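Visitor: Have a look; sequence and predicted model below, questions after that.
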Amino acid sequence: MQLKKDLLVFATLFYHFSMVYGCDETERAALMSFKSLLTDPSNRLSSWQGENCCNWKGIKCSSSGRVIVVNLRNPNPDNVLINVNKEVFSYSKNTSDFVLKGTISPLLFTLNHMQHLDLSFNNFMFSKLPTEVSNLTKLTYLNLSNAMFQDSITTQFSNLTSLRSLDLSCANIVADLSSISISLTLPLDLDFGSMISFIRYGELSSPNLRWLEGIRGLRYLVLTGVDLSKASESFHWAKPISSLSNLMSLQLSKCKISGRIPIGQLLNLTNLSTLKMRSNVLTSSIPELLSNLTTLSVLDFSANYLDGHIPYFPQLKGLSVNSNPDMTIDLVSMFSVPWSKLTFLDISFARVGGVIPPSLSNSTSLTFFQADGCSIQGSIPSSVTKLKKLSFLMLNDNYITGQLPVNMSSLISLQHLSLLQNSLQGRIT
């Protein structure tokens, strides 16, 4: 009986000690080593002092005092616009520099209980991806995006079999508002005919995607801006992706992927909800077989070289195919069937011609419709006033004539209407 009491007292004291002193001493030392190699102009790491690293900002520990979360994502990355001279302008209200800058101490990757690591939107000065990350076999979330790495992705992540989310983006989308005239020094890539640009925050490439084959539990994979030009030279370049049967979101925009959409290697992704392959060099038509992915909700093939027409995807909520000048879109045929779930549609700078059909109003969930530069003719049908959820309607640079529909003002959700470079008469009443 006395032994049980002694053990209970010991357990109570040990629990109290762990709550007061928190983290493991070697893990605290590893975090201090990581901090020592960084500059921190906004003092984001000012709380990193004292014995209990579990109380430090950006750090979370398990009940046993082991570090399981390191979240040092830049809380205020640069917000930028593109001006009329194609210059980059920062409009961040807070001028403090929240970027952590330097190199990563290898000791960070001795925190082998870590499950969540986010270092995104910092500046690691074009250093290589840390190979030691392979030690963190319990990681379920890893975000190294837009953090100024420069490297070739080969086997660095192959051992992370517990990963559910991986973001290695090295390019970020910004809006082109064409209104500001102060420039910053950042590399810039513009999409033809688009109001969207990509700014690079690193230089990553991958000669193939075989390193994905060991990470079969992935649900979210973002490789925006990663150079896959060499990988896509192979006809079966996307085959490793087909092994990711749990994948819900696949983002491969601005990856220099060339050739046809690899439909045969995507059909196994029966849980896929989002597929983004914007700003590549895709030259096929959109495969009708994609409609077999019944969970697919968002599809973005903008700024490619696609041809053909848009197949029927009744499950889609968002569809963007703008800046595909060889794509032919017959709106009358397209909306002869119901797109009941569609909320977002951007077909700008595709070959449309013809008219906007009255049947567009059958897409009652539509909130955003953009069709700039599509050579659309005729008048805007009065049935458009039935789209009560419509917030944005942009039909610039077409051949639309006549008058605006009566009761256009009944579109109570409409926030933005743009009809520049047309021959319309009248006004909203």
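Guide: In hand now; what should we look at?

Visitor: can you map out the helices along the stretch 301-429 of the chain?
Guide: Along the stretch 301-429 of the chain, counting by DSSP state H, counting those that start in this stretch, helices occupy 331-334.

Visitor: Can you tell me, leaving aside adjacent residues, what's nearest to residue 100?
Guide: Of all residues not flanking residue 100 in the chain, residue 122 sits nearest, at 4.3 Å (CB to CB, 6 or more residues apart in numbering). No exception for glycine: its C-beta is placed from N, CA and C like everyone else's.

Visitor: That neighbour touches residue 76, doesn't it?
Guide: No: if you go by CB atoms under 8 Å, residue 122 and residue 76 don't touch, sitting 11.5 Å apart.

Visitor: ranges for the strands of the stretch 101-250 of the chain?
Guide: Listed in chain order, the strands of the stretch 101-250 of the chain (DSSP state E, counting those that start in this stretch) span 101-102, 116-118, 141-143, 150-152, 165-167, 171-175, 188-190, 196-200, 203-205, 220-222, 249-251.

Visitor: give the contact list for the residue nearest to residue 100.
Guide: By CB atoms under 8 Å, 6 or more residues apart in numbering, residue 122 lies in contact with 72, 73, 74, 99, 100, 101, 147, 148.

Visitor: From residue 226, how far off is it?
Guide: 18 Å (CB to CB, to the nearest Å).

Visitor: Same check on residue 30?
Guide: Counting by CB to CB, the gap from residue 30 to residue 226 is 28 Å.

Visitor: who's more crowded, these two?
Guide: residue 226 (25 against 21; other CB atoms under 10 Å).

Visitor: That one reaches residue 203, doesn't it?
Guide: No: between residue 226 and residue 203 there is no contact under CB under 8 Å: 9.3 Å.

Visitor: okay, and the common contacts of these two?
Guide: Common neighbours of residue 226 and residue 203 (CB under 8 Å, 6+ apart) are residue 170.

Visitor: still on that earlier bit, tabulate the strands of the stretch 101-250 of the chain in JSON lines, adding columns for mean neighbour count and mean pLDDT.
Guide: Formatted as JSON lines, the strands of the stretch 101-250 of the chain follow (neighbours: other CB atoms under 10 Å; pLDDT from 0 to 100):
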{"stretch": "strand 101-102", "mean neighbour count": "16", "mean pLDDT": "97"}
{"stretch": "strand 116-118", "mean neighbour count": "20", "mean pLDDT": "98"}
{"stretch": "strand 141-143", "mean neighbour count": "21", "mean pLDDT": "98"}
{"stretch": "strand 150-152", "mean neighbour count": "16", "mean pLDDT": "98"}
{"stretch": "strand 165-167", "mean neighbour count": "20", "mean pLDDT": "98"}
{"stretch": "strand 171-175", "mean neighbour count": "19", "mean pLDDT": "82"}
{"stretch": "strand 188-190", "mean neighbour count": "15", "mean pLDDT": "49"}
{"stretch": "strand 196-200", "mean neighbour count": "20", "mean pLDDT": "82"}
{"stretch": "strand 203-205", "mean neighbour count": "19", "mean pLDDT": "98"}
{"stretch": "strand 220-222", "mean neighbour count": "20", "mean pLDDT": "98"}
{"stretch": "strand 249-251", "mean neighbour count": "20", "mean pLDDT": "98"}
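
Visitor: What count of nearby residues applies to the closest residue in space to residue 259 that isn't next to it in sequence?
Guide: Spatial nearest neighbour of residue 259, chain neighbours left out: residue 232 (5.9 Å); criterion: CB to CB, 6+ apart. When neighbours are defined as other CB under 10 Å, residue 232 has 23 of them.

Visitor: ok, now residue 229?
Guide: Neighbour tally, residue 229, other CB under 10 Å: 15.

Visitor: now it: how far from residue 325?
Guide: On the measure of CB to CB, residue 229 and residue 325 end up 22 Å apart.

Visitor: domain assignment for the chain?
Guide: Listed domain ranges for the chain are 1-205, 328-429 (source: automatic domain parsing).

Visitor: export those domains to JSON lines and tack on distance to residue 264?
Guide: What follows is the domains of the chain, written out as JSON lines (distance: least, CB to CB, whole Å):
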{"stretch": "domain 1-205", "distance to residue 264": "24"}
{"stretch": "domain 328-429", "distance to residue 264": "24"}
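
Visitor: what's the least confident stretch among those?
Guide: The weakest mean pLDDT among the domains of the chain belongs to domain 1-205, with a mean of 82.

Visitor: before we move on, back to that, quick check, the residue nearest to residue 259 in contact with residue 265.
Guide: No: at 11.4 Å, residue 232 does not count as touching residue 265 under the criterion of CB under 8 Å.

Visitor: OK, contacts around residue 341?
Guide: 297, 314, 315, 316, 317, 365 are the contacts of residue 341 under CB under 8 Å, 6+ apart.

Visitor: Please report how far it lies from residue 404.
Guide: Taking CB to CB, one finds residue 341 at 28 Å from residue 404.

Visitor: ok, how many other residues are close to residue 313?
Guide: 20.

Visitor: Can you tell me, leaving aside adjacent residues, what's nearest to it?
Guide: residue 291 (5.3 Å).

Visitor: picking that back up, most neighbours of all the contacts of residue 122, which one?
Guide: Counting by other CB under 10 Å, top hit in the contacts of residue 122: residue 147 with 27 neighbours.

Visitor: What residues does it make contact with?
Guide: Contact analysis of residue 147 by CB under 8 Å, 6+ apart lists 119, 120, 121, 122, 123, 124, 201, 202.

Visitor: Verify the stated contact: residue 61 with residue 67.
Guide: Yes: counting by CB under 8 Å, residue 61 touches residue 67, with 5.6 Å between them.

Visitor: Looking at the two, which one has more neighbours?
Guide: residue 67 (26 against 21).

Visitor: What distance do you get for the more buried one to residue 405?
Guide: 61 Å.

Visitor: Kindly report the same for residue 139.
Guide: 55 Å.

Visitor: Could you give the number of residues near the residue nearest to residue 208 when sequence neighbours are not counted?
Guide: Leaving out its chain neighbours, the residue that sits closest to residue 208 by CB to CB, 6+ apart is residue 231, at 4.9 Å. By other CB under 10 Å, 21 other residues sit near residue 231.
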